[in-house]
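>>> fold the following.
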Amino acid sequence: MTEEENIPKEEDPNSSSAEKIEEAMSHEKKAETGAHVAHHDHEKLKDALLKAQTDCQANLDGWQRERAEFSNYKKRIERENAVLNQTITGSVIKKYLVILDDLELALKNRPTIGEGVAWANGIELIVRKLQGILDSEGVERINENKVMFDPNLHEAISNEENPDFTCGEVIEVVRQGYKLGDRILRPAMVRVAR
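Here you go, the predicted structure:
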């Protein structure tokens with residue numbers, strides 16, 4: 001560096017005020033422009049925020065709708081599975097009802113003396129076990145007498161005069177019926193009064 005460069009320059013008093021005024025005006029313009037830009041940016045940000053909130057609400061609504069639909073879907077599948085399970089259980093149980101009928105018929109004519117008594121007791125035990133299985137599966141018997149005939153629950157095999165029963169009343173259940181929940185596995189065969 002030369003000595004001239006190290007010597008501080010004296011500022012021109014006239015040029016310095018002009019520069020200062022120009023600089024102040026420049027700052028004023030920048031401030032006005034900045035305020036305008038800041039206002040413009042503020043509006044852009046406000047619009048972006050409003051759009052983001054709208055999108056957020058739309059996403060939330062869609063999510064809640066999908067969640068409700070999924071919940072309904074799960075409930076429908078559970079109901080369908082319960083009905084399917086009941087149908088399958090009913091189909092299997094129906095096959096064993098004829099065996100239960102035969103065992104109960106055998107017990108109606110059970111021997112009272114001799115070796116047949118032990119045999120009858122064994123058959124009775126089997127019937128109770130089979131009935132216990134049906135009960136555990138929710139199978140109910142339809143075997144009431146002195147109730148009004150219901151074509152949904154009963155199958156009439158005879159229509160008889162009987163002074164002890166009113167017209168349309170079940171006189172006797174000849175073969176027991178069974179139901180599983182609301183589903184009739186087999187209607188009861190009955191004699192009906194007329």
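>>> helix or strand with the lowest mean pLDDT in the chain?
Confidence across the helices and strands of the chain bottoms out at helix 3-6, with a mean of 50, counting by mean pLDDT, DSSP states H and E.
>>> I'd like the next helix or strand past that one.
helix 13-108 (DSSP states H and E).
>>> and that next one, what's its mean pLDDT?
The average of the pLDDT scores along helix 13-108 is 82.
>>> name the helices or strands packed onto the helix or strand following it?
Next in sequence after helix 13-108, counting helices and strands by DSSP H and E, comes helix 116-136. Contacts defined by 3 or more CB pairs under 8 Å, 6 or more residues apart in numbering; DSSP states H and E place helix 116-136 against helix 13-108. The way it works is simple: take the backbone N, C-alpha and C, and place the C-beta from them, glycine included.
>>> ok and the helix it packs on relative to helix 116-136, angle-wise?
Relative orientation of helix 13-108 versus helix 116-136 (axes from the mean of the first three to the mean of the last three CA atoms, to 10 degrees): 160 degrees.
>>> do you know how far the residue most central in space within the chain is from Glu69?
In the chain, the C-alpha nearest the mean C-alpha coordinate belongs to Lys75, at 1.6 Å (CA atoms, centre = their mean). Distance of Lys75 to Glu69, computed by CB to CB, to the nearest Å: 11 Å.
>>> what of Ser136?
For Ser136 relative to Glu69 (CB to CB), the value is 37 Å.
>>> same deal with Ala193?
Ala193 sits 54 Å away from Glu69, going by CB to CB.
>>> between those two, which is the more surrounded one?
Between Ala193 and Glu69, counted using other CB atoms under 10 Å, Ala193 has the larger neighbour count: 20 against 10.
>>> tell me the pLDDT at the residue nearest to the more buried one when sequence neighbours are not counted?
Nearest residue to Ala193 in three dimensions, chain neighbours excluded: Phe165, at 3.6 Å (CB to CB, 6 or more residues apart in numbering). pLDDT for Phe165: 88.
>>> assign Phe165 to helix, strand or coil.
Judged by DSSP: H, G, I helix; E, B strand; the rest coil, the three-state class of Phe165 is coil.
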